[in-house]
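S.K.: I would like the atomic coordinates for the input below:
(one chain, ligands or ions: 2)
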Amino acid sequence: MYMRYFFRLFSAMAGPRPVVLSGPSGAGKSTLLKNLLKEYEGVFGFSVSHTTRSPRPGEENGKDYHYVTREYMQASIDKGEFIESAVFSGNMYGTSKASVQAVKDKNLICILDIDMQGVRAVKTTDLNPIYISIQPPSMNILEKRLRDRNTESEESLQKRLDAAQVDMEISKEPGIFDIVIVNDNLDDAYGKLKDALIEEIKKVQKNNLS
Ligand SMILES: Nc1ncnc2c1ncn2[C@@H]1O[C@H](COP(=O)(O)OP(=O)(O)OP(=O)(O)O)[C@@H](O)[C@H]1O
Ligand SMILES: Nc1nc2c(ncn2[C@@H]2O[C@H](COP(=O)(O)O)[C@@H](O)[C@H]2O)c(=O)[nH]1
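M.R.: Ligands and ions are numbered 1, 2, ... in the order given. Predicted coordinates for the structure are as follows:
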């Protein structure tokens, strides 16, 4: 009885559980995430990662990423400012402690959009997120989506497709993800994502009302 009470109290104090969205480049993570942030304003907050890649047209520094140099990023990692970092398709990416804390301070559900290396690293921390993998229906469809997005050089595209093949295999391993969502029809995938997060969403909405 007392144990249950203290567990509830502790959970409330710890705030909502973060969410890790992972999956191959081009699987649709950002698309789904943007829908969530738009539909549930005041519920979710995005953990803005750092990267050494250049911004794409329409991307904003501090909103989509913190765009930094390799020297700056390495120095920050060496100072212990990152929860995790990885090299993906020739560029550095990482989740800073400050980015996650900024979302937690607002009592929002913190969403991390990170690759498989990041997932493995986060598993060694005490972040305790819900792990969700977004997968494409097939390699062919993934390649078409990435090509149509028109953001990658041929070299970057090939690196992303190579990484995708590995990612699709690993995501089948039991115990890595709490849920794997195949993003074939966008509305269906978005519905499944919301279903997976509904408990946490309700907690934050209830908290916002009180
Ligand atoms: N269900 C879908 N059907 C058709 N196109 C889709 C679907 N979901 C996403 N797309 C499109 O596929 C492309 C890749 O999606 P998105 O950029 O969201 O992928 P991502 O997983 O965030 O990639 P990255 O990891 O490289 O940032 C985009 O052009 C997007 O509009
Ligand atoms: N390990 C991490 N991976 C990250 C982070 N931020 C983004 N990513 C992943 O990188 C690839 C490529 O992203 P893109 O924006 O260049 O297309 C994608 O899989 C992201 O999930 C991070 O902080 N850490």
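S.K.: first to last residue in stretch 76-94, what's the distance?
M.R.: 10 Å (C-alpha to C-alpha, to the nearest Å).
S.K.: Can you name the residues in contact with it?
M.R.: 25, 49-53, 68, 70, 73-74, 95-98, 100, 114-115, 117-118, 121-122, 125, 127, 156, 159-160, 163 (C-beta atoms under 8 Å, 6 or more residues apart in numbering). The way it works is simple: take the backbone N, C-alpha and C, and place the C-beta from them, glycine included.
S.K.: what about the helices in the chain?
M.R.: 2-14, 29-39, 70-78, 97-105, 116-122, 139-149, 154-170, 186-209 (DSSP state H).
S.K.: Dump the fourth one to PDB, keeping only the CA atoms.
M.R.: Yep, that's helix 97-105 we're talking about. The C-alpha trace of helix 97-105 is given here as PDB (Å, rounded to 0.1, in the frame of the first residue of the first chain):
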ATOM      1  CA  LYS A  97      22.200  17.000 -21.300                       C
ATOM      2  CA  ALA A  98      21.000  20.700 -21.600                       C
ATOM      3  CA  SER A  99      18.600  19.900 -24.500                       C
ATOM      4  CA  VAL A 100      16.900  17.200 -22.600                       C
ATOM      5  CA  GLN A 101      16.800  19.200 -19.300                       C
ATOM      6  CA  ALA A 102      15.200  22.200 -21.100                       C
ATOM      7  CA  VAL A 103      12.200  20.000 -22.100                       C
ATOM      8  CA  LYS A 104      12.100  18.300 -18.700                       C
ATOM      9  CA  ASP A 105      12.000  21.700 -17.000                       C
END
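S.K.: Report the angle between that helix and helix 70-78.
M.R.: Orientation of helix 97-105 against helix 70-78 (axes from the mean of the first three to the mean of the last three C-alpha atoms, to 10 degrees) gives an angle of 70 degrees.
S.K.: Check the burial of residue 188 by counting its neighbours.
M.R.: Residues near residue 188, counting by other C-beta atoms under 10 Å, number 12.
S.K.: separation between it and ligand 2?
M.R.: Going from residue 188 to ligand 2 by C-beta to the nearest ligand atom, to the nearest Å gives 21 Å.
S.K.: for residue 43, same thing?
M.R.: Per C-beta to the nearest ligand atom, residue 43 is found 21 Å from ligand 2.
S.K.: No further queries at this time; thank you.
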